[in-house]
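> Quick one, what's the 3D model for this:
(one chain, ligands or ions: 1)
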Amino acid sequence: MSQTPHSRRRFIAGAVCPRCSAMDKIVVDLDRNVRECVACGYSDERPEAPAPTDELVTRVSRPAARRVETSAEPVRLVDPSDAD
Ligand SMILES: [Zn+2]
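Sure, this is the predicted structure:
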């Protein structure tokens, strides 16, 4: 790690340098908002934003309308005196 602590650089996976066409050599300086190629020294002030990951989580919100089937069993009251 020879990077200066105050410069946060991130490699952009799959990024191709427009100058030397090197892949995975593009770093983005998050502090200066500059992208640079570590292979040829190319720098651009407008870093291409990496493809935004789809954070749209399609949530299937099911209504909690479950059918609670209560089995209604007839309660039989048995009179012990009657069974005698
Ligand atoms: Zn380059």
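> Might you list the low-confidence residue ranges for the protein?
For the chain, residues meeting the criterion pLDDT under 70 lie at 1-6, 46-69, 82-84.
> Do a quick rundown of the strands in it.
Taking DSSP state E as the test, the strands found in the chain are 9-11, 26-29, 34-37, 43-44.
> Listing partners with orientation, what would you give for the shortest one?
This points to strand 43-44. Counting by DSSP bridges, the strands paired with strand 43-44 are strand 34-37 (antiparallel).
> can you list the residues that contact the partner strand?
Contacts to strand 34-37, defined as Cβ atoms under 8 Å, 6 or more residues apart in numbering, come from residues 9, 12, 15, 17, 19-20, 22, 25-29, 42-48. For the C-beta atoms, the positions are set from N, CA and C on the backbone; glycine is no exception.
> Give the ChimeraX command for selecting the buried subset of those residues.
Applying 16 or more other Cβ atoms under 10 Å to the contacts of strand 34-37, the buried members can be selected in ChimeraX as follows:
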select :9,12,15,17,25,26,27,28,42,44,47
